[in-house]
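> just need the structure, nothing else, for what follows:
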Amino acid sequence: QLQLVESGGGLVQPGGSLRLSCAASPGILPDNSIAWFRQAPGKGREAVSCITRTGNEEVYLDSVKGRFTVSRDIAKNTVYLQMNSLEPQDTGVYYCAADHLCSQWDITFPTWGQGIQVTVSS
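Below you'll find the model as predicted:
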């Protein structure tokens, strides 16, 4: 059974950093692109970043470009989202999701993690 598990969330002050991890079942990463979505209170999920299944292309939401970096470690079956210079509007539940292609549309992703809370507040 395909499985994704997020970790690394928490409370951080504005300007701070967090690194999220998405641990995948063995075999997921070589065959799938992995996206990060987030959902703020009262809003829908939005695509934040995606790394392609080949690992040679990364995509970012405009508002996080230059602050967030997605990466992966195939040997550890893990994808990371390094988040720097965090802002209060980055607050939300962050999810990782797997599919063959990167997409901004959450409905295209069949496999999801359970989500993890990120709160940016002073």
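
> least confident secondary structure element in the chain?
When the helices and strands of the chain are scored by mean pLDDT, DSSP states H and E, helix 28-31 comes last with a mean of 88.

> may I have it exported as CSV, CA atoms only?
Provided in CSV are the C-alpha atoms of helix 28-31 (Å, rounded to 0.1, in the frame of the first residue of the first chain):
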residue,chain,number,x,y,z
ILE,A,28,7.1,5.5,-4.6
LEU,A,29,9.9,8.1,-5.3
PRO,A,30,11.4,6.7,-8.5
ASP,A,31,8.1,6.5,-10.2
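
> contacting residues around the helix or strand just after it?
Sequence order places strand 33-39 as the next helix or strand after helix 28-31, per DSSP states H and E. If you take C-beta atoms under 8 Å, 6 or more residues apart in numbering as the criterion, strand 33-39 is touched by 4, 20, 22, 24, 28, 45-53, 70, 72, 79, 81, 90, 92-103, 106, 109, 115, 118. Yep, even glycine has a C-beta here, placed from its N, CA and C like the rest.

> how far away is the most far-flung residue of the chain relative to its centre from Q82?
Taking C-alpha atoms, centre = their mean, the residue of the chain most remote from its mean C-alpha position is S122, at 23.1 Å. Distance of S122 to Q82, given as C-beta to C-beta, to the nearest Å: 21 Å.

> check L4 too.
Using C-beta to C-beta, L4 is found at 18 Å from Q82.

> between the two, which has more neighbouring residues?
Applying other C-beta atoms under 10 Å to L4 and Q82 shows that L4 carries more neighbours, namely 21 against 14.
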